[in-house]
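K.L.:
Build me a structure from this.
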Amino acid sequence: MMYGKRWLNKFGFSAAVWVGFHLYFFFFIQDARAGYLGYLDILFLVALVWLTGGDYRGYRVYRRERERMMGQEELICRTIPDFENRDLAEHDVGVMERQMDRLYEENRSLQDYVARWCHEMKIPLAAGLLMDEKISDRELRMDMREQLEKMNWQMNSLLLGCKLHGSLLDIQVKETRLGECVRTSLKNNRFFLVQKGFEIHADIGEDTVYTDASWMVYVLDQLVSNAIKYSGTFQAAASGKEASGEAASGETGKLFIWTEREKERTKLFVEDNGEGIQEKDIRRIFEKGYTGSNYHNGKYKSTGMGLYMVSQIVQKLGHEIRVESKYGEYTRFLLIF
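P.N.:
Numbering: from 1, shown residues only. Below you'll find the predicted structure:
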């Protein structure tokens with residue numbers, strides 16, 4: 001933009017000079033030959049081309065330097081010694097830094113408060129789960145247990161969400177047995193798995209990977225929870241591990257978890273025979289806040305945060321996650337370590 005204005009100014013000045021010469025010759029040098037004006041026009045054109053070429057070369061140098069500075073992490077006004085209005089730029093930078101520090105402290109205080117609140121609420125929640133066992137009416141006991149388990153799940157998600165997006169994130173990568181992570185996740189979801197009558201087929205073996213066990217359990221919790229949530233009444237395709245695509249029977253929910261080794265990498269599959277994901281949604285399921293067609297149709301409640309958080313955790317751990325689904329048959333998640 002700056003060089004564009006400079007070029008327009010030069011062109012305007014040159015045009016004014018050209019018009020002035022022609023007017024001078026026309027009014028004051030009446031006996032001048034027309035050839036003189038032709039020579040002057042040629043000289044003017046050569047000078048204009050020379051000036052424009054030099055300006056263009058300077059513009060290219062400017063663009064390269066600008067791109068270099070825009071690619072660095074430092075503040076530009078602090079890296080250029082002769083930066084114009086440096087004092088004003090330094091003042092604005094200082095104001096923004098203080099505002100960012102204040103927002104960071106406010107956000108950290110809020111995260112700390114939410115984390116403490118979740119820990120405090122776990123005490124009465126645990127007491128409620130114990131008291132639930134004493135209710136003689138089985139139907140009432142199961143209904144209350146379901147609501148308490150949902151509260152426990154939501155508080156755990158809230159707590160881990162605060163850790164993921166705040167200063168409380170603590171990742172400890174070490175050699176971890178995937179079988180232990182899977183068993184812990186299934187235990188965390190056992191109430192709803194039993195309630196929905198899921199058939200569980202797990203073949204993990206003794207595979208070990210380098211990851212953070214607690215965060216990996218959270219990832220598996222989300223995938224298993226989604227399998228439970230979206231378990232529909234479809235004729236489901238069993239996993240390639242179990243039945244090579246043969247249809248499963250009836251309405252029984254099925255959950256398949258297994259590992260495969262490929263050279264130096266370990267693959268963990270989590271597959272269910274639920275409703276599946278529509279083709280138009282599958283590319284966006286890891287986007288923040290994306291709820292998909294089923295939510296908009298009123299079939300399920302969703303915040304669109306679960307799989308987004310899963311993708312963020314997997315990325316921070318240095319792993320990879322993929323998804324494959326056929327609507328009305330199955331959904332298969334793949335974690336690559």
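
K.L.:
moving C-terminal of the lowest-mean-pLDDT helix or strand in the chain, what's the next helix or strand?
P.N.:
When the helices and strands of the chain are scored by mean pLDDT, DSSP states H and E, helix 292-296 comes last with a mean of 58. Of the helices and strands lying after helix 292-296 in sequence (DSSP states H and E), the nearest is helix 306-317.

K.L.:
Which strand or helix spans residue 202?
P.N.:
Element membership of residue 202, judged by DSSP H and E, is strand 199-203.

K.L.:
Pairing partners for that strand, with directions?
P.N.:
Partners of strand 199-203 in the sheet, by DSSP bridges, are strand 254-262 (parallel).

K.L.:
quick one: buried residues of the partner strand?
P.N.:
254, 255, 256, 257, 258, 259 (16 or more other Cβ atoms under 10 Å). No exception for glycine: its C-beta is placed from N, CA and C like everyone else's.

K.L.:
what do you get for stretch 139-155?
P.N.:
Across stretch 139-155, burial judged by 16+ other Cβ under 10 Å covers 144, 145, 148, 149, 152, 153, 155.

K.L.:
In helices, which of those fall?
P.N.:
With helices defined by DSSP state H, the entries of those inside them are 144, 145, 148, 149, 152, 153, 155.

K.L.:
With respect to residue 198, which of these is nearest?
P.N.:
residue 149 (14.9 Å; Cβ to Cβ).

K.L.:
my read: that closest one touches residue 192, true?
P.N.:
Yes: counting by Cβ atoms under 8 Å, residue 149 does reach residue 192; the two are 6.9 Å apart.

K.L.:
residue contacts, the nearest residue to residue 272 once chain neighbours are set aside?
P.N.:
Excluding the flanking residues, the one nearest residue 272 by Cβ to Cβ, 6 or more residues apart in numbering is residue 227, at 3.6 Å. Counting by Cβ atoms under 8 Å, 6 or more residues apart in numbering, residue 227 touches 198, 253, 255, 270, 272, 274, 331.

K.L.:
how would you label the nearest residue to the last one once chain neighbours are set aside: helix, strand or coil?
P.N.:
In this structure, residue 331 finds its nearest non-sequential neighbour in residue 325, 4.2 Å apart by Cβ to Cβ, 6+ apart. Using DSSP: H, G, I helix; E, B strand; the rest coil, the secondary structure recorded for residue 325 is strand.

K.L.:
for the longest helix anywhere in the chain, what is the average pLDDT?
P.N.:
If you go by DSSP H, the chain has its longest helix at helix 86-132. For helix 86-132, the mean pLDDT works out to 75.

K.L.:
right, and the pair among the ones in helices among the buried residues of stretch 139-155 with maximum separation?
P.N.:
Of all pairs in those, the most separated under Cβ to Cβ is 144 and 155 at 16.6 Å.

K.L.:
Just the strands from the stretch 151-300 of the chain, written as ranges.
P.N.:
Taking DSSP state E, counting those that start in this stretch, the strands of the stretch 151-300 of the chain run over residues 174-177, 199-203, 208-211, 254-262, 265-272.

K.L.:
tell me, how many neighbours does residue 116 end up with?
P.N.:
By other Cβ atoms under 10 Å, the residues close to residue 116 number 11.

K.L.:
and it, what does it touch?
P.N.:
For residue 116, no residue meets the contact criterion (Cβ under 8 Å, 6+ apart).

K.L.:
returning to what we had before: output the ones in helices among the buried residues of stretch 139-155 as CSV; include the columns pLDDT and distance to residue 319.
P.N.:
Converted to CSV, those look like this (pLDDT from 0 to 100; distance: Cβ to Cβ, whole Å):
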residue, pLDDT, distance to residue 319
144, 74, 38
145, 73, 34
148, 77, 32
149, 76, 28
152, 74, 26
153, 72, 23
155, 74, 26
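
K.L.:
quick one: which of these is nearest to residue 182?
P.N.:
Using Cβ to Cβ, those come closest to residue 182 at residue 153, 17.8 Å.

K.L.:
My guess is the closest one contacts residue 224. True?
P.N.:
No: at 11.1 Å, residue 153 and residue 224 do not qualify as touching, with contact defined as Cβ under 8 Å.

K.L.:
any idea of the mean pLDDT in stretch 330-337?
P.N.:
Regarding stretch 330-337, the rounded mean pLDDT is 93.

K.L.:
which of the strands of the stretch 151-300 of the chain is buried the deepest?
P.N.:
strand 265-272 (a mean of 21; mean count of other Cβ atoms under 10 Å).

K.L.:
Pairing partners for it, with directions?
P.N.:
Strand 265-272 has its sheet partners listed here by DSSP bridges as strand 254-262 (antiparallel), strand 330-336 (antiparallel).

K.L.:
contacts for the shortest one?
P.N.:
The set of residues that contact strand 330-336 without belonging to it, under Cβ under 8 Å, 6+ apart, is 219, 223, 226-227, 230, 236-239, 265-274, 276-277, 314, 319-325.

K.L.:
Could you list the alpha-carbon positions for it in CSV?
P.N.:
In CSV, the C-alpha atoms belonging to strand 330-336 read as follows (Å, rounded to 0.1, in the frame of the first residue of the first chain):
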residue,chain,number,x,y,z
TYR,A,330,-20.7,-48.8,12.5
THR,A,331,-18.2,-46.2,13.6
ARG,A,332,-14.5,-47.1,14.0
PHE,A,333,-11.9,-44.8,15.6
LEU,A,334,-8.2,-45.4,15.1
LEU,A,335,-5.5,-44.2,17.5
ILE,A,336,-2.0,-44.4,16.1
